[in-house]
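A.B. asks: Predicted coordinates and the sequence they were generated for:
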Amino acid sequence: IGSREWTCARDRGEAVRADSSLTETLNIGNVLVGKWNWFTVNATECGAKKEVVSKGMFRATFSDSGDKLKSCTLYYDVMDLMGQLTHANGATTPSLLDRTEHSLYRRDMAVPNTAERAMSFSPEARVVTSTSMQFDILYVNQAWTDMCGLTQADLEGRSFAALHGPETDMQLVQEMMKAAQSGYATSGLVTYHDKAGLSFRGWMRIYPLWSQQSSDITNYLGVLTRVN
C-alpha cells in the first residue's frame, strides 16, 4: 500500500480482482464435498508484491428436495492466508510459502503446522501419528473418540491401519500418505471402521507437521469429517 503501482491503480479506480474454482466434488445424498481454490488475478498490477492464493475443502448440505442450501462449511489455513497477505504487502519474513518450490495451485498447505498446535483443543476429529512407515498413532482427541468410538488408550501405539477395513481403498490411502511424506497436505474420501466394526465414509485431510527448529517433518495430522 502506498506504492506507485497502488496509487496509479487507485487513481484508475481499479480494485484487486479474484477468481475461484471447485474441483474433485463428490455428491453423497444431500451432501456435496470437494476442494475450492481462490486466487487473485491482478494484485501485482495494483501494487502487491505477489498474488495471493488460498485453497481448502468445503462441505455443503442441501435440503431433501435439493433446491435449498442449508449449510456450507469451508476448511482452510487462516494463518497461511494472513501470512500471504502480509507478504504481498511487502513483508520479508519467510512463511510456509517458501518451504516448497512447487506451485500452490497444485497442493494444499498444512494447518496447524506443529505437533503442539495439532494436539491443542479442537472440535474437529484429530489424530496425530509418527513418521514411521506404520504411521503409529500417538494422539486422538475427544472429537475423534466421539466419532469413531476409539479412545486414546484404544489406539496409542497402534498402526493407523487399525482404522482400515476390507472396504478401505488402500491405493488412495497410500497416495495420500506419500503426498504427506513429501511435505504436502492432501485429502480424500476414505472408508473407515468404528469400534463396533461398522464402516462409514469420511473426508480425511492429512497434514505434515514440522519441527520448530528445522524444516524436518516430525509427525502427521489427520482431520476427519464424517459424510454419511
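C.D. replies: That came through, no problem. Numbers count the residues shown, from 1 in each chain.

A.B. asks: Tell me which stretches of this structure form helices.
C.D. replies: Using DSSP state H, the helices of the chain run over 4-11, 78-88, 115-118, 142-148, 152-155, 170-181.

A.B. asks: And for the last one, what's in contact with it?
C.D. replies: Counting by C-beta atoms under 8 Å, 6 or more residues apart in numbering, helix 170-181 makes contact with 107, 131, 135, 164, 185-188, 190, 204, 206-208, 217, 220, all of which sit outside it. (Each C-beta comes from the backbone N, C-alpha and C, glycine too.)

A.B. asks: any idea which of these has the most stuff around it?
C.D. replies: residue 206 (27 neighbours; other C-beta atoms under 10 Å).

A.B. asks: Correct me if wrong: that one contacts residue 221.
C.D. replies: Yes. With contact defined as C-beta atoms under 8 Å, residue 206 counts as touching residue 221 (7.0 Å).

A.B. asks: Could you say which one of the helices of the chain comes nearest to residue 22?
C.D. replies: helix 78-88 (18.1 Å; C-beta to C-beta).

A.B. asks: Can you give me the buried ones in that closest one?
C.D. replies: 80-81, 83-84, 87-88 (16 or more other C-beta atoms under 10 Å).

A.B. asks: Also stretch 202-222?
C.D. replies: For stretch 202-222, the neighbour count (16+ other C-beta under 10 Å) marks 202-210, 217-222 as buried.

A.B. asks: Return the distance of it from the chain's centre.
C.D. replies: 11 Å (C-alpha atoms, centre = their mean, to the nearest Å).

A.B. asks: for stretch 175-193, same thing?
C.D. replies: The answer for stretch 175-193 is 10 Å, by C-alpha atoms, centre = their mean.

A.B. asks: burial count for residue 152?
C.D. replies: 15.

A.B. asks: how about the nearest residue to it, chain neighbours excluded?
C.D. replies: Closest residue to residue 152 apart from its sequence neighbours, by C-beta to C-beta, 6 or more residues apart in numbering: residue 140 at 5.5 Å.
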